[in-house]
Structure formats: C-alpha cells, structure tokens
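Colleague: Generate coordinates for the sequence data below:
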Amino acid sequence: MYVLYELETGRAHSQSSLPFVNPKPDIYGVKETLLSGIWNEQTLDFDTAPVKRIIGVSDFIQRFTEAEQELLISATKTSSKADAFVGVLKLLGHVDLDSDFIVNSLTKMVQSGVLTKARALEIVNV
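Modeller: Sure thing, here's the model as predicted:
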C-alpha cells in the first residue's frame, strides 16, 4: 500500500496498491506500508481498525442461562426498562456487543440483580 500525504500536516491525500511518483516532493511525502486501517497523521501509518463485535440476536440471547432468561422475562412485567430492552432486541437483526445500548442494559441488569457483574462480562466477552 502506498499513501500520498501532506508533509506539513500528515493528512493522507490518496492511496494505491501500486507505487506512484510524488507529484510535489516539497509538499507531499509517499509512504509505503504493509498495514491497512485508519490513517494516523502523527505516525504516518495506518492504525488497525477496531474490530466490531456483532452477533445475531438469537446468539446473544443464547449467551444467557435459562434462569437468567426467565428472570429477564419476569422483569419485563414490573420494569419498563426491562420491557424496553426486550422490545428493542426483538426489533434488532444483530447486537453490537460494545454499543452503549447493550453495555448500559447489562449494567442495569447487574444493578437490578438479574445478572452478576461477572456474568455480564462473560456474556459480552464469550
């Protein structure tokens, strides 16, 4: 991978898998790199792109034990937050394990006694 970047700012202007001639060596630099991801203007190289941890809703639900599933279903009868969580899950096609929605929901389940903190961590880190 070849990247044409501004010498002054480090900002990338173009990239190619083929080498190219620097059009203005006094303004631009050319970096050859084996990495790919997100261009870092300070290091003048690519940072590894973060990996999304996305799974299907049914896979997410299967991470809960039967007892935890039963507690959650019971909680939907008395807690509007638990009911909203289950309702949103029904609408989703997938679950981003690092999303604020999932993290906050699991935190609320720990606070309400549906899950222990260890189990919440296990559910998102299987």
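Colleague: Which residue is most remote from the mean position of this protein?
Modeller: Here the centre of the chain is the reference, and by Cα atoms, centre = their mean the most remote residue is residue 26, at 38.8 Å.
Colleague: For that residue, give me its contacts.
Modeller: For residue 26, the contact set (Cβ atoms under 8 Å, 6 or more residues apart in numbering) comprises residue 7. All C-beta atoms are positioned from the backbone trio N, CA, C, and that covers glycine.
Colleague: Now do it, the pLDDT please.
Modeller: Residue 26 carries a pLDDT score of 96 in this model.
Colleague: Skipping adjacent residues, who's closest to the residue nearest the centre of the chain in space?
Modeller: Residue closest to the average C-alpha location in the chain (Cα atoms, centre = their mean): residue 52, at 3.8 Å. Nearest residue to residue 52 in three dimensions, chain neighbours excluded: residue 96, at 6.5 Å (Cβ to Cβ, 6 or more residues apart in numbering).
Colleague: I'd guessed the one you found sits against residue 53; true?
Modeller: Yes: with contact defined as Cβ atoms under 8 Å, residue 96 counts as touching residue 53 (6.9 Å).
Colleague: any chance you could map the strands in the chain?
Modeller: For the chain, applying DSSP state E gives strands covering 2-6, 12-16, 28-32, 38-40, 45-47, 54-56, 94-96.
Colleague: Need phi/psi at the residue nearest to the centre of the chain.
Modeller: According to degrees, to the nearest 10, the main-chain angles of residue 52 amount to phi -80, psi 130.
Colleague: Residue 99 versus that one, what's the distance?
Modeller: Relative to residue 99, residue 52 is positioned 10 Å away (Cβ to Cβ, to the nearest Å).
Colleague: just residue 81 next, same as before
Modeller: 16 Å.
Colleague: now residue 92
Modeller: 10 Å.
Colleague: Next: residue 58.
Modeller: 17 Å.
Colleague: Can you give me the buried ones in stretch 95-104?
Modeller: Residues of stretch 95-104 classed as buried by neighbour count (16 or more other Cβ atoms under 10 Å): 95, 97, 102.
Colleague: Do you know the pLDDT at the last one?
Modeller: In other words, residue 102. 94.
Colleague: Enumerate every residue touching it.
Modeller: 95, 96, 124.
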